[in-house]
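K.L.:
Compute the structure for the input listed below.
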Amino acid sequence: GSGLKQECVVFVCEKPVLFLTVNLHMISAFTQVPLKSVEVEVQVKGHVATVTSTLQYVNEEENPVEAVFVFPLPAEAALCHFSAKIADQEVVAEVQEKQQAREEYDDAICSGQQAFLLEESDQSPDIFRLAVGNLPPKESAAVTLIYVTELAVQADDGLRFCLPVVLNPHPGYVSKVEAVPASMVPYTLSLSVHIISPSPISKVESNCSLEPLTYLNSAQTQAKVSLSPGHMFDRDVEILLYYQDPHQPTAIVEAGLPEAKAGSLMGDAVVMVSLYPEFPPEVVSSFGKHKEFIFLMDQSGSMSGSSIISAQTRDETLVLLLKSLPLACYFNIYGFGSDFQSFFSKSVKYTQKTTEEAMEKVKAMKANMGGTEILKPLEHIYRQDCLPGHPRQVFLFTDGGVSNTKEVLNLVRTHSRSHRCFTFGIGQGASTALINGMAKEGGGTAQFITSNDRLQLKVMQSLNNALQPCVENISVKWTLPMRMSITTLSPPLKVLFQGQRALLYAQLRGKSSGNSEGTVTVQYSLAKQPVTNQLQFCLKPAEDTGLGIHRLAARSLIQSLEKEEREKKDESLRKKVVELSVQAGVSSAYTAFLAIYKGNREPVQGPLMRRTVPVPRRPYYDNRGEYCSLNSIIDTPRGIEYSALGLPQRRVAQDDDDDEYGLGQIGSVIGVPLVQKDPYVELVSLQKAAGYWDLETQLLDVLGQTEKELVKQKPAQVDNAVWATILALIWLHGCRAAKREEWKFIAVKATSWIQSQKVRNLSECVQAGNALLGYQVKEENLGF
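P.N.:
Here you go, the predicted structure:
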């Protein structure tokens, strides 16, 4: 047909094989796509989730097919099981060296056997490729894969589980994977979650529709919940779990496999310790002013309305960030896509003049810089000399991934002593390997933003971390009974911020007697003060833990060895990775899962048809952040063009001669100019860099007052700027109290400025401001 093209493939095998690559857009209703359903079961135990996914394939064609499915998994996940069930017989895959597995798979296909190959991408550890080969006509196969993953802690103490169902079009995969509108995905998704917690489960939230939460015991330490039917594949499935007493440290000991070799990782017991320090209030409220802030803003075409975060919200967030910076800092802003440009040639001092200049440039930014290339701007930033006494803090905002994730992480790690890196994955499909990896290597925090109302809060939480002291100089000491020893499996902890949790893995060698205990002592410095935490734990393995902790420990060790191998190019390290991967049954960059079904049947005959299973295209969201269905964008809005990938790109007329800073090339994270500003955003944008407000027309509009009324109510001998600043603070406390965490740095600057003015009748000013605006904000609540 018109949608088919032949591809010549040469194999060394007994019979020729013809592969056909099919353009799925040309197949009506995707009737020839063999993947029919995806069923996911999640078992959560404390901070760890075991995820079992079953993919049901049915070949409805007249010829055998090879189905290829490229899909995302969390970068930190330990993929530990892969099996296929055909005609009531199950074949379990084995982990092999990757090239060997590929060759055996090809040989099996050539000889007419059914084969299954699952491998990690060479470019990014959060992308996998599954090939189901020689599925006979009119037959079905159920493929099951299991992975274990740590649940990330959010700033509000929630544990985040994310099931990626939207494949971000990473460079290098776009040409291989068919992306279709979410409503046209030819398979279904079901998801159920069973939760077991050491403490009561407070609540469960999600960005998707869930069935009601059901508690399974009176203590409310066990519960289950499931995804409502009819998921539209328009977003990743995010579930937030909340436990009581989240800061309580815990330790779990898991038994090894009895049949495994004694002294090996899988044969010995493994302990997992959870550390989640709670910072004292005086530390939380202390902030360092002398920093250098560099903001890296993704301005690739996909940022133009393709993520769930609207262009207007991103604009407002960048304004909020600029206004929240301390007066003694330095800053710069970079826009990047296929290329990059910066607002200033080097970081500049934070003043009223530089802030106003940056604000004007923010308004001119557009998402028109092509693809996503992060390495070049990072290399440029790292070549700039660090400012003495101003530790560098890099903030990265992106909605995508890159083809050279490992190279980017190596670069961040190389410069980890000279900066901290805070990352934000915006919208659906942001690469977990990139976002988490850069933050981990750069000693910062990672945030994933999947809804409008959380972006500004999460950005402020990270700014809070960048300004606050952190846990440093961390050391871990283990104390065990005689005849027992321990081998640490986790990489050394560098830093921990307020709201961060660390999981430590260690291999226990030797045997304990009865209910003997071990002790782990963690020492660190916080705000230049030494702190010691000690936790005793029972060495008797917990019951019914499976091998989840062993798998995660193996994955942690594998990732450390992979990083070391990339740095040293040492073949012996590569061999260690392969050996450990095979022994633990956990995927790695250098291994793959292979299953060959031999059975008793005759070899599969006929030309082999290759079918690439389509993945949901990331949805388009309009400038208000509202989801647009396929039907609503068939009539292309004026000013919108669609690229070859189906991503919207805004068409904006621009006079290059007027583009002094090249912003027409660097574009807008940030979309179209604001049409109607939120009074809150307007108030924030009017604050001066030093922290005060002027008594000007725009402020009067926000406060809903006339100049005559403000002058009439102003106490005698009070400066206009002092009066305006007090009114602005009262308005924030009275009208936007729910957003306190977002504007607290703005309020701190304003309060400090007023205190510097030595206002004698401050109490009178606060009373007059409350009377004018109709609030009852107490003076002490304003920080005076």
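
K.L.:
Just the helices from the stretch 201-350 of the chain, written as ranges.
P.N.:
Applying DSSP state H, counting those that start in this stretch to the stretch 201-350 of the chain gives helices spanning 281-284, 311-324.

K.L.:
T214: which of these is closest?
P.N.:
helix 311-324 (34.9 Å; CB to CB). Just so you know, the C-beta spots here come from the backbone N, C-alpha and C atoms, and that holds for glycine as well.

K.L.:
so what does that closest one touch, helix or strand wise?
P.N.:
Contact analysis of helix 311-324 by 3 or more CB pairs under 8 Å, 6 or more residues apart in numbering; DSSP states H and E lists strand 292-298, helix 352-364, helix 455-467, helix 679-686, helix 740-756 as its packing neighbours.

K.L.:
chain center to that helix: distance?
P.N.:
20 Å (CA atoms, centre = their mean, to the nearest Å).

K.L.:
buried ones in that helix?
P.N.:
In terms of neighbour count (16 or more other CB atoms under 10 Å), helix 311-324 has its buried residues at 311-324.

K.L.:
which among the residues you listed gets closest to N404?
P.N.:
For the buried residues of helix 311-324, the nearest to N404 is R314 (25.0 Å; CB to CB).

K.L.:
Against L213, how distant is I239?
P.N.:
11 Å (CB to CB, to the nearest Å).

K.L.:
When these two are compared, which one has more neighbours?
P.N.:
I239 (25 against 16; other CB atoms under 10 Å).

K.L.:
for the residue lying closest to F745 once chain neighbours are set aside, what are its contacts?
P.N.:
In this structure, F745 finds its nearest non-sequential neighbour in S324, 3.8 Å apart by CB to CB, 6 or more residues apart in numbering. Applying CB atoms under 8 Å, 6 or more residues apart in numbering, we find S324 in contact with 460, 463, 743, 745-746, 749.

K.L.:
Likewise for L434?
P.N.:
The contact partners of L434, by CB under 8 Å, 6+ apart, come to 124, 374, 398, 401-402, 405, 408-409, 423, 425.

K.L.:
Could you dump the residues you listed into CSV with pLDDT, neighbour count and secondary structure added?
P.N.:
Supplementary listing: the contacts of L434 in CSV, determined by pLDDT from 0 to 100; neighbours: other CB atoms under 10 Å; DSSP: H, G, I helix; E, B strand; the rest coil:
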residue, pLDDT, neighbour count, secondary structure
S124, 79, 28, coil
I374, 93, 25, coil
T398, 90, 28, strand
G401, 76, 29, coil
V402, 83, 22, coil
T405, 89, 24, helix
V408, 93, 23, helix
L409, 91, 21, helix
T423, 94, 26, strand
G425, 88, 27, strand
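
K.L.:
quick one: contacts for Q384?
P.N.:
With CB under 8 Å, 6+ apart, Q384 has these contacts: 346-347.

K.L.:
and it, backbone torsions?
P.N.:
Per-residue torsions, Q384: phi -80, psi 140 (degrees, to the nearest 10).

K.L.:
still on that earlier bit, which one of the buried residues of helix 311-324 is nearest I195?
P.N.:
Looking across these and measuring by CB to CB, the closest to I195 is T313, at 31.7 Å.

K.L.:
Do I have it right that that closest one meets V459?
P.N.:
No. Between T313 and V459 there is no contact under CB atoms under 8 Å: 10.5 Å.

K.L.:
State the distance from the nearest residue to L732 once chain neighbours are set aside to A728.
P.N.:
Spatial nearest neighbour of L732, excluding adjacent residues (CB to CB, 6+ apart): W743 at 5.6 Å. From W743 across to A728, the span is 10 Å (CB to CB).

K.L.:
how distant is whichever strand or helix holds L396 from the center of its chain?
P.N.:
Following DSSP states H and E, one finds L396 within strand 392-398. Centroid displacement of strand 392-398 relative to its chain, using CA atoms, centre = their mean, is 14 Å.

K.L.:
Check stretch 427-443 too.
P.N.:
Chain-centre distance of stretch 427-443: 5 Å, with CA atoms, centre = their mean.

K.L.:
Stretch 438-455 now?
P.N.:
The chain centroid and the centroid of stretch 438-455 are separated by 6 Å, computed with CA atoms, centre = their mean.

K.L.:
how many neighbours does the residue nearest to L732 have?
P.N.:
W743 has 24 neighbours, counted by other CB under 10 Å.

K.L.:
per-residue confidence for it?
P.N.:
Per-residue confidence (pLDDT) for W743: 92.
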